[in-house]
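1. pasting the structure only:
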């Protein structure tokens, strides 16, 4: 038997259904707001690329300390401190 929403006396049933739906929506909203948030974490590729970038920068700084310019920067001749 199908439910006829236009039948007389169904206002109470429709109001009860609507109230139950609203209660479910409120409960869902409360549970959504109270669950712990996940911290955004980059994926594997960005983390690997960042690590490689840090390694390259560190190596460049070590090389910069090791090799000092023998003459002016424009001459392009470098001398090793080894």
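-> Good, I have the coordinates. Every value quoted in this text rests on a predicted model; they were computed, and no experiment measured them.

2. show me where pLDDT drops low in the protein?
-> Scanning the chain with the threshold set as pLDDT under 70 gives 1-5, 68-82.

3. now do the strands in this protein.
-> Applying DSSP state E to the chain gives strands spanning 67-69, 78-80.

4. can you pull up the most central residue in this structure?
-> Against the mean C-alpha coordinate of the chain, by Cα atoms, centre = their mean, the closest residue is residue 40 at 3.3 Å.

5. mind checking how far that one is from residue 58?
-> Distance, residue 40 to residue 58, by Cβ to Cβ, to the nearest Å: 26 Å. Quick note: C-beta positions are derived from backbone N, CA and C, even for glycine.

6. likewise residue 24?
-> Here residue 24 is placed at a distance of 55 Å from residue 58 (Cβ to Cβ).

7. what do you get for residue 10?
-> For residue 10, the distance to residue 58 - Cβ to Cβ - is 75 Å.

8. over to residue 29?
-> 48 Å.

9. what about residue 57, neighbour count?
-> 10 (other Cβ atoms under 10 Å).

10. brain fart, residue 54
-> With other Cβ under 10 Å as criterion, residue 54 counts 10.

11. same thing with the one 10 residues further on?
-> Other residues near residue 64 number 9, with proximity taken as other Cβ under 10 Å.

12. the helices in the protein, which residues?
-> Secondary structure of the chain by DSSP state H: the helices cover 11-34, 44-66.

13. can you name every helix or strand that the first one contacts?
-> So the one you mean is helix 11-34. Packing contacts for helix 11-34, counted by 3 or more Cβ pairs under 8 Å, 6 or more residues apart in numbering; DSSP states H and E, involve no helix or strand.

14. related to what we said a few turns ago, what about residue 10 and residue 58, which has more around it?
-> Neighbours per residue (other Cβ under 10 Å) separate residue 10 from residue 58, with residue 10 holding more: 13 against 10.

15. give me phi/psi at the more buried one?
-> phi -90, psi 0 (degrees, to the nearest 10).
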